[in-house]
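Trainee: Would you be able to build a 3D model of this:
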Amino acid sequence: MTVYDELVARGLIAQVTDEEEIKELINNGKAVFYIGFDPTADSLHVGHFMALCLMKRLQMAGNKPIALIGGGTAMIGDPSGRTDMRQMMTKETINHNVECFKKQMSRFIEFGEDKAMLVNNADWLMDLNYVDVLREVGAHFSVNRMLTAECYKQRMEKGLSFLEFNYMIMQSYDFYTLFQKYGCNMEFGGDDQWSNMLGGTELIRRKLGKDAYAMTINLLLNSEGKKMGKTQSGAVWLDPNKTSPFDFFQYWRNVSDADVLKCLRMLTFLPLEQIDEMDKWEGAQLNEAKEILAFELTKMVHGEEEAEKAKEASHALFSGAGASANMPTIEVNADDFANGTMDIMAVLVKAGLCESRSEARRGVQQGGVSVDGEKVTDISTTYTLDDFAGEGKVVKRGKKKFAKVVAVN
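Mentor: Below is the predicted model of the structure:
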């Protein structure tokens, strides 16, 4: 099976500009391709996972990835898939986020001479002369055609700022610049970026008379058509300080039965033959498939040791075996106890198992809360600092959310 055929079999490819040419480049290790990342946070998240896995696959096949950090385009904001404008970011914040991204990307792709590159489009966008851009770049874009792009059509009713309207031109200019500076002949991105990517191939053709190519990858959607990687408390981050390895593991361990095989194909590097065998699994076997998925992805992001710890903690949770050294741990001290006590609702909020006291109250009243295996049904139940001394207590909400609460001096 060729590299391209495997991408198709894994359900990764959405749209391509010229399939035969793209096959030729990818299968023979001739693709110099880029994927853009907006540095809108100080960590990558599950939404970036597909792109990172694709970069890794193609680098393994001899192709050269360019990770483009949008330090310049982040000053404008991508309107794709949004109903309102992004918050403006400072240069200092953007630069900090860029450094965080590179560290995380290094777990997936190998940077270095003749290997993967990381570039920041602020290096060329921030010094552009406005009149020159209008004359040299803007002249090649049709406003009528731009307004037919899905990313703009979705915003027209709410109001599309002229600032955001320029985003397509800036992204197209990125491809044009990378083509000239680094021989970049392909752009990959999410399926919602198709119009912007076509703008780049068209600009290269008009300005340089040469061909470049674009390919979009399917967005990671669940069986209900919603983007994966979101929880009630927000995004699932790749930074262990924002989403712990255990919580990351649990996110994938808890995907629906309908999504587990798709995630295994799209995100892991397990052989397709092995995954195809799992198509026959059902019932309890699907839980085993989910654990395989969770382990493989946690290992990729956080390393094998953290993946093993997360798996052990998950087993302790589901078997009811009690506390484990690898469970997520929350420390409490005397300052957390008003008049020397803390009620169960405050414990749940402190442990991150509920976002508010009212949510915690409902959890207790509905019978979904336990402490060290004993159900708590009275919201007035209180604890002292000594109750959490030593090994601490395992606080559990529902079947899948828990934490160990430990007292510290």
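Trainee: and residue 196, that's in a helix?
Mentor: Yes. Applying DSSP: H, G, I helix; E, B strand; the rest coil, one finds residue 196 inside a helix.
Trainee: what's the burial count for it?
Mentor: When neighbours are defined as other C-beta atoms under 10 Å, residue 196 has 27 of them. For glycine as for every other residue, the C-beta is placed from the backbone atoms N, C-alpha and C.
Trainee: In this structure it contacts residue 167, no?
Mentor: Yes. With contact defined as C-beta atoms under 8 Å, residue 196 and residue 167 form a contacting pair (7.2 Å).
Trainee: where does the stretch 151-300 of the chain have low pLDDT?
Mentor: The stretch 151-300 of the chain contains residues with pLDDT under 70 at 151-165, 231-233.
Trainee: And the helices in it, which stretches?
Mentor: For the stretch 151-300 of the chain, the helices defined by DSSP state H, counting those that start in this stretch occupy 162-165, 167-182, 194-208, 245-253, 257-267, 272-278, 284-302.
Trainee: same deal with the stretch 1-150 of the chain?
Mentor: Using DSSP H, counting those that start in this stretch, helices in the stretch 1-150 of the chain cover 3-9, 19-27, 49-60, 91-105, 122-125, 130-136, 143-146, 150-156.
Trainee: so who does the residue lying farthest from the centre of the chain touch?
Mentor: Ranking residues of the chain by C-alpha distance from their mean position (C-alpha atoms, centre = their mean) puts residue 339 at the top, at 42.7 Å. If you count contacts by C-beta atoms under 8 Å, 6 or more residues apart in numbering, residue 339 has none.
Trainee: how near is it to residue 179?
Mentor: In this view, residue 339 and residue 179 are 68 Å apart by C-beta to C-beta, to the nearest Å.
Trainee: go on, residue 258?
Mentor: Distance of residue 258 to residue 179, given as C-beta to C-beta: 41 Å.
Trainee: Specify which residue of these two has the higher count of neighbours.
Mentor: residue 179 (23 against 11).
Trainee: still on that earlier bit, check what pLDDT the residue farthest from the centre of the chain gets.
Mentor: Residue 339 is assigned 85 on the pLDDT scale.
Trainee: now swap in residue 144 and tell me
Mentor: On pLDDT, residue 144 comes in at 63.
Trainee: Dead centre of the protein: give me the residue that sits there.
Mentor: Per C-alpha atoms, centre = their mean, the C-alpha nearest to the average position across the chain is that of residue 46, at 2.1 Å.
Trainee: Around the residue lying closest to it once chain neighbours are set aside, how many other residues sit close by?
Mentor: Distances taken as C-beta to C-beta, 6 or more residues apart in numbering put residue 229 closest to residue 46, at 3.0 Å, once the chain neighbours are dropped. Residue 229 has 18 neighbours, counted by other C-beta under 10 Å.
Trainee: residues in contact with residue 229?
Mentor: Contacts of residue 229 (C-beta under 8 Å, 6+ apart): 45-47, 49, 220, 235-236.
Trainee: any chance of the residues you listed in TSV, plus distance to residue 366?
Mentor: Below are the contacts of residue 229 laid out as TSV (distance: C-beta to C-beta, whole Å):
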residue	distance to residue 366
45	31
46	29
47	32
49	34
220	32
235	27
236	26
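Trainee: Please identify which of those is nearest to residue 206.
Mentor: The nearest member of these to residue 206, counting by C-beta to C-beta, is residue 47 at 32.0 Å.
Trainee: can you pull the pLDDT of the closest residue to residue 64 other than its chain neighbours?
Mentor: Spatial nearest neighbour of residue 64, chain neighbours left out: residue 32 (4.7 Å); criterion: C-beta to C-beta, 6+ apart. pLDDT for residue 32: 97.
Trainee: Residue 32 contacts residue 62, doesn't it?
Mentor: No. At 11.1 Å, residue 32 does not count as touching residue 62 under the criterion of C-beta under 8 Å.
Trainee: higher neighbour count, these two?
Mentor: Legend: neighbour count by other C-beta under 10 Å for residue 32 and residue 62, higher for residue 32 (17 against 13).
Trainee: Pull the distance from stretch 122-137 to the chain's centre.
Mentor: For stretch 122-137, the separation from the chain centroid amounts to 31 Å (computed by C-alpha atoms, centre = their mean, to the nearest Å).
Trainee: Can I get it as PDB, trimmed to CA atoms?
Mentor: Output in PDB follows, covering the C-alpha atoms of stretch 122-137 (Å, rounded to 0.1, in the frame of the first residue of the first chain):
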ATOM      1  CA  ALA A 122       5.600  37.300  11.300                       C
ATOM      2  CA  ASP A 123       9.100  37.300   9.800                       C
ATOM      3  CA  TRP A 124       7.700  38.400   6.400                       C
ATOM      4  CA  LEU A 125       4.200  39.700   7.100                       C
ATOM      5  CA  MET A 126       5.100  42.300   9.700                       C
ATOM      6  CA  ASP A 127       7.400  44.200   7.300                       C
ATOM      7  CA  LEU A 128       5.100  44.400   4.300                       C
ATOM      8  CA  ASN A 129       4.300  47.700   2.800                       C
ATOM      9  CA  TYR A 130       0.500  48.200   2.500                       C
ATOM     10  CA  VAL A 131       0.500  49.800  -1.000                       C
ATOM     11  CA  ASP A 132       2.900  47.100  -2.300                       C
ATOM     12  CA  VAL A 133       0.600  44.400  -1.000                       C
ATOM     13  CA  LEU A 134      -2.400  46.000  -2.700                       C
ATOM     14  CA  ARG A 135      -0.500  46.300  -6.100                       C
ATOM     15  CA  GLU A 136       1.500  43.100  -6.100                       C
ATOM     16  CA  VAL A 137      -0.900  40.700  -4.300                       C
END
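Trainee: Go ahead and name everything in contact with that stretch.
Mentor: Residues contacting stretch 122-137 (C-beta under 8 Å, 6+ apart): 71-73, 75, 91, 94, 169-170, 172-174, 176-177, 203, 207.
Trainee: separation between residue 126 and residue 60?
Mentor: Taking C-beta to C-beta, one finds residue 126 at 34 Å from residue 60.
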